[in-house]
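# Make a model of this:
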Amino acid sequence: MEGSDVLRIVPLVGALAAAVYLVVSAMKGKKDDQPKPPKVNFNCLDKDKDKIVDSFDVEDLGNKTCFCRCWRSKKFPYCDGSHNKHNEACCDNVGPLIIQKKEEKTS
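Next up, the predicted model:
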């Protein structure tokens, strides 16, 4: 094989290498292309119920109570901070519902 024969093969080999690279890249996929879990209500409690309602008397709540809104708390319906890990994984911004008594002003 002479030098001119090699030069004729170079474009063919280059095109073949590019095609193989594109096919392998498409099959492999990118890490960012992986689906993320949904933002809320993923594996939530009591999925067999039509509607989940928790009711509390205000007197029973104390001075400050935090309720979970991400559905991942181990102490549900109370918040245990599980939303922090969830927010990092899903780029979400869900946080707790905080209910606290108003401080009475004294004259």
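# switch to C-alpha atoms for all contacts and neighbour counts from now on
Noted.
# Report the contact partners of C79.
By Cα atoms under 8 Å, 6 or more residues apart in numbering, the contact list for C79 reads C66, F67, C68, R69, S73, P96.
# So the fourth one sits against P96, correct?
Spelled out, it's R69. Yes - in this structure R69 lies within contact range of P96 using Cα atoms under 8 Å: 5.5 Å.
# Make TSV out of the contacts of C79 and add neighbour count and pLDDT.
Output for these, formatted as TSV (neighbours: other Cα atoms under 10 Å; pLDDT from 0 to 100):
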residue	neighbour count	pLDDT
C66	17	90
F67	18	90
C68	22	89
R69	19	86
S73	18	88
P96	17	90
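# So which of those residues are in helices?
Counting by DSSP state H, no part of those is found in helices.
# all helices of this protein, in order?
For the chain, the helices defined by DSSP H cover 3-28, 82-90.
# Need the winner for burial among those.
Of all the helices of the chain, helix 82-90 has the most neighbours on average by mean count of other Cα atoms under 10 Å, namely a mean of 15.
# how near is the residue nearest the centre of the chain to N84?
The centre of the chain sits closest to C90, judged by Cα atoms, centre = their mean, with a distance of 1.9 Å. Applying Cα to Cα, to the nearest Å, the value for C90 to N84 is 10 Å.
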